[in-house]
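1. give me a 3D structure for the following:
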Amino acid sequence: MIEITGLFVLKMKQHFSVSDDNHYGLRDYSRMGKLGRSFMRHISVPVKVISFTAIVYLCVWSLEILLLKLGVVDAGVSFLGISIEHIFFAVEILSVALAASVGMHLFLERPMERLTAVMKKAKEGDFLVRAPVTSEDEIGDLARAFNQMLSKMTDLSANKIQSDQDVAMIQEQLRLQSRLEEKSAIIERTNRTLEHLVKDLSLIYEIGQEVNSIVDIDDLYANITETLKRYLRISEFAILVFDEKREELLIKVAHGFADMESVFKTSFRLGEGVTGLVAETGKKIYIKDTTRETRFLNYKCEKPSEPSSFLSIPLMYKEEVMGVINFARGGTSSFSYQDVKMLSLVANQVALAIANSKLYTKTRELSVRDELTGINNRRYFQQMLNMEWKRAIRFKRDLSLIMIDVDHFKSYNDTFGHLEGDRALKQIGQTLRKHLREVDTVARFGGEEFVLLLPDTDKRGAIAVAEKVRLLVEGHSFLSAENRETRQMTISAGISTYPDDVDDIDDLIDHADIALYRAKENGRNRIECYESKKEEDAGDVVLEAAKKDGIREKKSAGVVH
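-> Reported below is the predicted structural model:
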């Protein structure tokens, strides 16, 4: 391994060196290999394992540096949503764990196996066998001592000498065997520790992947549930998230409960039970025996008669408690110190995942929400228009668009100020949203213009809707900021309908805008439909009839279609 490392370092220096005088030759490489072998023979087993692990890590790290230096891998590139830095970090962790395991096998397990085999033969009476001495470390010393013992036992057997020295040698052999058994037990415990470490690292890595790949909150909860079920030997666990509106902890994830329906209906106030106390203080609580803890509420269900262990950990993000994650196991003191430490790391990853998902949801809402009026913005309207247009064409359904403009809004701003104008726009936007169906789209198109998108609505239905909202705005009292006086405002609207007026998505907006312009030209506070010259006379009759219908419905507070 030392020779391989020396060759690798040599090649690295040959690639990056500026002067040929700095190159290592084969003689230097050979000398390095001899020194490496001599070094490895004279150091202790722990140092060998650590050195071997460090060499492997340096090789992996040097290879990563070389790949980045040569431009084979771009540091800004990501694979499957995972950055190169995260991939390199995972490779380094796995390389260290694997190197440690291989080093233990090469420098401790395998020599010990050879020595144990020799001892078994000696135990069976073959005192001529000898243990191979291949190093100057503890195992080499042990093998030499054992060989010396075998030599003396051979002499004693040949000369049939019974003495205290023979007894002492046999006792030393027994002590030696006991030491070997102790070493074997240490190796077994070390292997188990390494296995648990690799498993814990895999779990943390899996949760980290969820942080980078899942943004939808429901998908995130489902993925975290499956990940924890797959990696943790825990009978019950639950994730509770703090709801700021209700000021309660609500259960979002639950696994292993007998009555899942009752559990999901459960909520906790801050400070209520163990869960509420953890959320309030931001400190984890470990209950070794739930039958002896009065604060344990068991999700407000009947407490089990059998003892169990309960671990509650806060979900913290930037020193803010976002919720709580609870774990339960049967029996008392079921969570070790290592379990608590590992589950705390899991809680940190879960908190980060939830925080990222909430941030994504909030950002997405802000991107489609008009900040002033609180209704949808033009971007959201365009998305819905594209979707509803495709749906109308596919299923041969009507689709109507109403373009609305506030009458004399500039004069209103000049008279009462821009703040009062903003208040009026907000009230109009909320009025429009309140009196439309859920399937309809209301959005601020820009300035004092609003747009309504009405799926499955023909021209007559669109006229009824437009007249309804026109009357609502006309009859609305717009209060000033001090609520000392009321003001009146009106709107004008233009309507276009697919398939009556248009066969192209852009024309749906343009024709509604043309109709709106005609409404402005004809006196404002009115509705106009886009119509061809052949339909104008008939359209006036339809519009007049719809206006009468709208007037009759003026006092109605429900949805107009």
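
2. alpha carbons only for contacts and neighbour counts from here, please
-> Fine.

3. low-confidence stretches in the stretch 301-450 of the chain?
-> 302, 304 (pLDDT under 70).

4. repeat the analysis, applying 90 as the threshold.
-> By pLDDT under 90, the low-scoring segments of the stretch 301-450 of the chain are 301-308, 317-319, 329-331, 333-339, 341-343, 345-374, 413-420, 446.

5. could I get the full set of strands for it?
-> Ranges of strands in the stretch 301-450 of the chain, per DSSP state E, counting those that start in this stretch, are 308-317, 320-330, 399-406, 441-446, 449-455.

6. quick check: which of these is buried the most?
-> Compared across the strands of the stretch 301-450 of the chain, strand 399-406 shows the largest average neighbour count, a mean of 26 (mean count of other Cα atoms under 10 Å).

7. among the strands of the stretch 301-450 of the chain, which comes closest to residue 132?
-> When these are compared by Cα to Cα, strand 320-330 sits nearest residue 132, at 49.5 Å.

8. run through who's touching the closest one.
-> 234-242, 249, 275, 278-279, 282, 306-316, 335, 347, 351 (Cα atoms under 8 Å, 6 or more residues apart in numbering).

9. can you list the strands of the stretch 301-450 of the chain in CSV and add distance to residue 264?
-> Output for those, formatted as CSV (distance: least, Cα to Cα, whole Å):
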stretch, distance to residue 264
strand 308-317, 17
strand 320-330, 14
strand 399-406, 41
strand 441-446, 33
strand 449-455, 36
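
10. what's the single longest helix in the protein?
-> Looking across the chain with DSSP state H, the single longest helix is helix 164-213.

11. who are the packing partners of that one?
-> Applying 3 or more Cα pairs under 8 Å, 6 or more residues apart in numbering; DSSP states H and E, we find helix 164-213 packed against strand 82-83, helix 84-104, helix 138-159, helix 217-231, helix 337-367.

12. residue 196: which of those is closest?
-> Counting by Cα to Cα, residue 196 lies closest to helix 337-367 out of the helices and strands packed on helix 164-213; the figure is 9.6 Å.

13. thinking again about what came up before, switch the helices and strands packed on helix 164-213 over to TSV; also include distance to residue 420 and mean neighbour count.
-> Below are the helices and strands packed on helix 164-213 laid out as TSV (distance: least, Cα to Cα, whole Å; neighbours: other Cα atoms under 10 Å):
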stretch	distance to residue 420	mean neighbour count
strand 82-83	49	15
helix 84-104	52	17
helix 138-159	88	17
helix 217-231	39	15
helix 337-367	24	17
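
14. quick one: residue 371 from residue 444, how far?
-> Distance, residue 371 to residue 444, using Cα to Cα, to the nearest Å: 10 Å.

15. show me the helices in the stretch 451-561 of the chain, by range?
-> Secondary structure of the stretch 451-561 of the chain (DSSP state H, counting those that start in this stretch): helices at 459-474, 505-521, 536-552.

16. average pLDDT for the first one?
-> Right, the one you point to is helix 459-474. Across helix 459-474, pLDDT averages out at 95.

17. how big is the angle separating it from strand 399-406?
-> 20 degrees (axes from the mean of the first three to the mean of the last three Cα atoms, to 10 degrees).

18. just want the angle from helix 459-474 to strand 449-455.
-> 140 degrees.

19. mind checking how far helix 459-474 is from the chain centre?
-> 46 Å (Cα atoms, centre = their mean, to the nearest Å).

20. packing partners for it?
-> Judged by 3+ Cα pairs under 8 Å, 6+ apart, the packing partners of helix 459-474 are strand 399-406, helix 418-434, strand 491-498, strand 527-529, helix 536-552.

21. mind doing that once more with 6 Å?
-> Applying 3 or more Cα pairs under 6 Å, 6 or more residues apart in numbering; DSSP states H and E, we find helix 459-474 packed against helix 536-552.

22. quick check: mean pLDDT of the helix it packs on?
-> pLDDT averaged over helix 536-552 gives 45.

23. domains of this protein?
-> With domains defined by automatic domain parsing, the chain comprises 43-196, 215-365, 378-552.

24. how long is the shortest one from one end to the other?
-> Its first and final residues considered, domain 215-365 spans 13 Å by Cα to Cα.

25. gap between it and the chain center?
-> Worked out by Cα atoms, centre = their mean, domain 215-365 lies 16 Å from the chain centre.

26. for residue 300, give me its contacts.
-> By Cα atoms under 6 Å, 6 or more residues apart in numbering, the contact set of residue 300 is empty.

27. hang on, I meant residue 132
-> With Cα under 6 Å, 6+ apart as the criterion, no residue contacts residue 132.

28. rerun at 7 Å
-> Contact partners of residue 132, counting by Cα atoms under 7 Å, 6 or more residues apart in numbering, are residue 143.

29. what helix or strand is it on?
-> Under DSSP states H and E, no helix or strand contains residue 132.

30. would you turn the domains of the chain into TSV with distance to residue 208?
-> Formatted as TSV, these follow (distance: least, Cα to Cα, whole Å):
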stretch	distance to residue 208
domain 43-196	9
domain 215-365	6
domain 378-552	32
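
31. quick one on the thing from earlier: the longest helix of the chain - what's its average pLDDT?
-> 78.

32. how far does that helix sit from the chain's center?
-> Taking the mean C-alpha point of helix 164-213 and that of its whole chain, the gap between them comes to 34 Å (Cα atoms, centre = their mean).

33. can you give me the angle that helix makes with helix 84-104?
-> Using the same axes, to 10 degrees: helix 164-213 against helix 84-104 is 170 degrees.

34. next, the angle helix 217-231 makes with helix 164-213.
-> 170 degrees.

35. quick thing: my sequence starts at 22, can you match it?
-> New numbering, starting at 22: the last item is helix 185-234.

36. helix 185-234 versus helix 159-180: what angle between them?
-> If you take the same axes, to 10 degrees, helix 185-234 sits at 150 degrees to helix 159-180.

37. okay, the angle between helix 185-234 and helix 358-388?
-> 10 degrees.

38. for residue 513, see how far away residue 531 is.
-> Applying Cα to Cα to residue 531 and residue 513 gives a distance of 16 Å.

39. between the two, which one's more packed in?
-> residue 513 (26 against 15; other Cα atoms under 10 Å).

40. what residues are bridge-paired with the more buried one?
-> On the basis of DSSP bridges, residue 513 is bridged to residue 426.

41. contact partners for it?
-> 425, 426, 427, 428, 537, 540, 541, 545, 546, 547, 548.

42. hmm, try it at 6 Å
-> Residue 513 touches 425, 426, 545, 546, 547, 548, counting by Cα under 6 Å, 6+ apart.

43. check it and give its pLDDT.
-> pLDDT at residue 513 comes out at 96.

44. now residue 295
-> For residue 295, the pLDDT comes out at 90.

45. what comes into contact with the host helix or strand of it?
-> Taking DSSP H and E as the criterion, residue 295 maps to helix 294-302. The contact list for helix 294-302 (Cα under 6 Å, 6+ apart) reads 289, 290, 291, 292, 305, 316, 317, 318, 335.
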